[in-house]
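Trainee: Fold the following.
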Amino acid sequence: MWSGPATGFDCYTSNDLEHWEGPFAAFRPPADFWADAQFWAPEVYALDGRFFMFGTFATSTGNRPRGVAVLASDLATGPYQPWSDGAVTPAAEPCLDGTLYIDEDSTRWLVYSRGTEGTADAPGITDGEMRAVRLAPDLRTAAGEPALLFKASAAAWTRPLRFPEGVEPPKDLNLAADPLFTDGPFVVRSPEGSLLMLWSSHGEAGYAMGIAESKSGTIKGPWIQQADPVWSSNGGHGMVLRTSGGRDYLVFHGPNDTPNERVRITGVEIDGNSIRVLR
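Mentor: Numbering: from 1, shown residues only. Here you go, the predicted structure:
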């Protein structure tokens, strides 16, 4: 999960979310691809008659920070090829978990997490950030400067990251002591018009998902954090799957220990400013 060489991204297909076929190779990096490690968090969107995958990538040499890049394919299942010229996130900062949001003016935004890791010369930041940057219409480059949406400490439920006993983070991350972090944003508008963001951090019982609401109804907020996480223990990085049948599902991974992570799918109800898990 942390070190190279990474293989690529795979996908599975299903007609009923119960029976699955695969895995199918969705992306295998070409020989000259800029990254070779930490292939994380793929998200796929149908746009402009094609399919675009946003993924997190890094290098095993550490010669450039982790970043979010864009891939493209004519089919949802791939094969995907590089679309952006390297990462579309800032070149000097570690970034991850990019998600696409298209606002009511058809402006395309990348919402992403600013990582807490540092460099060989300086420790990482102690308070992870959620940011948004406007993308060019063709999704190949950023088209502006990133905007800070909120920091991890804005939510009352976040707690400093604690690694399980016997697990040590890679030393080259140079993490600050007890960092708060932001992970896995996903933006969805409720039927009543509220703009909501699912995002993850470390909570009282481990990896968890919370909800923020934009008071302006736009991507720049201000974002107000809900007091309690929607999923409080050992699961996170959620997305909302809206099916053709009209049902909403929360898709996330759990448990949060390697190599036991698996996709989890559970029904949710989105109402007003809430996302409620259907038990």
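
Trainee: only C-alpha atoms for contact and neighbour calcs from this point on.
Mentor: Noted.

Trainee: Show me the strands in the stretch 151-279 of the chain, by range?
Mentor: In the stretch 151-279 of the chain, the strands defined using DSSP state E, counting those that start in this stretch lie at 183-189, 195-203, 206-214, 223-225, 236-242, 248-254, 262-271, 274-277.

Trainee: which parts of the last one are buried?
Mentor: The one in question is strand 274-277. For strand 274-277, a neighbour-count test (16 or more other C-alpha atoms under 10 Å) marks 274-275 as buried.

Trainee: which residues touch it?
Mentor: 211, 230, 250, 266-270 (C-alpha atoms under 8 Å, 6 or more residues apart in numbering).

Trainee: Would you check how far apart the closest residue to Thr158 other than its chain neighbours and Val263 are?
Mentor: The shortest distance from Thr158 to any non-neighbouring residue, by C-alpha to C-alpha, 6 or more residues apart in numbering, is to Gly203 (4.7 Å). Distance, Gly203 to Val263, by C-alpha to C-alpha, to the nearest Å: 20 Å.

Trainee: Which one of these two is surrounded by more residues?
Mentor: Gly203 (25 against 11; other C-alpha atoms under 10 Å).

Trainee: For the more buried one, which residues are in contact?
Mentor: Gly203 neighbours (C-alpha under 8 Å, 6+ apart): 157-160, 232-233.

Trainee: could you flag which of the contacts of strand 274-277 are buried?
Mentor: Buried among these (16+ other C-alpha under 10 Å): 211, 230, 250, 268, 270.

Trainee: Quick check, pLDDT for Pro65.
Mentor: On pLDDT, Pro65 comes in at 87.

Trainee: Is it possible to mark the buried ones in the contacts of Gly203?
Mentor: 157-160, 232-233.

Trainee: so where's the stretch 151-279 of the chain shaky on pLDDT?
Mentor: 163-172 (pLDDT under 70).

Trainee: Adding distance to Val188 as columns, could you present the buried ones among the contacts of Gly203 in CSV?
Mentor: What follows is the buried ones among the contacts of Gly203, written out as CSV (distance: C-alpha to C-alpha, whole Å):
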residue, distance to Val188
Trp157, 21
Thr158, 21
Arg159, 25
Pro160, 27
Ser232, 20
Ser233, 22
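
Trainee: quick one: which of these is nearest to Asp138?
Mentor: Asp138 has its nearest neighbour among those in Thr158, at 35.8 Å by C-alpha to C-alpha.
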